[in-house]
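In: Just to be clear, the model below is a prediction. Sequence and coordinates:
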Amino acid sequence: MRIIMLFIVVKLLQMNLQLGFGVLGSALSIFSTLPQIFKSRKIHSTADISLLMYVVRVMSSLCWIAYGILLEGVLLVVEASIVCVLQLIMVGFIIRDKIYTQ
């Protein structure tokens, strides 16, 4: 009986640990883009930022969204969707700046 209880406790700790790392990773992914968005907005320039990098990041986010849907992982889908929107904002800023600086 003690072994079964120990097994259950270990499984619960693993689940909470997995969820904790998932939430932490999601938060870091979301907040990692915000400083660049704020800076680009403040100085009204994206001259030194690679459009290709952000296009690849959008594609990556779309893959994560599809993966989350297949796994039925709501947290993954929500996080990847938010990150994708933030990346698309940066793509918009970069394209806007390329159009207006020509």
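Out: Everything's here; your move.
In: Need the three-state assignment for Ser45.
Out: Assigned by DSSP: H, G, I helix; E, B strand; the rest coil, the conformation of Ser45 is coil.
In: What's the separation between it and Arg96?
Out: For Ser45, the distance to Arg96 equals 11 Å [Cβ to Cβ, to the nearest Å]. C-beta: built from backbone N, CA, C; applies to glycine.
In: cool, Ser61 as well?
Out: 20 Å.
In: Look at the two and report which has more neighbours.
Out: When Ser61 and Arg96 are compared for neighbours, Ser61 comes out ahead with 21 against 13, by other Cβ atoms under 10 Å.
In: what about Val56, how many neighbours?
Out: Using other Cβ under 10 Å: Val56 sits among 12 other residues.
In: any idea how far it lies from Ala27?
Out: 22 Å.
In: what's the burial count for Ile65?
Out: Quick note: Ile65 (other Cβ under 10 Å) scores 18 neighbours.
In: Three-state assignment for it, please.
Out: Under three-state DSSP, Ile65 comes out as helix.
In: Which residues are in contact with it?
Out: Leu76, Val77, Ala80, Ser81, Cys84 (Cβ atoms under 8 Å, 6 or more residues apart in numbering).
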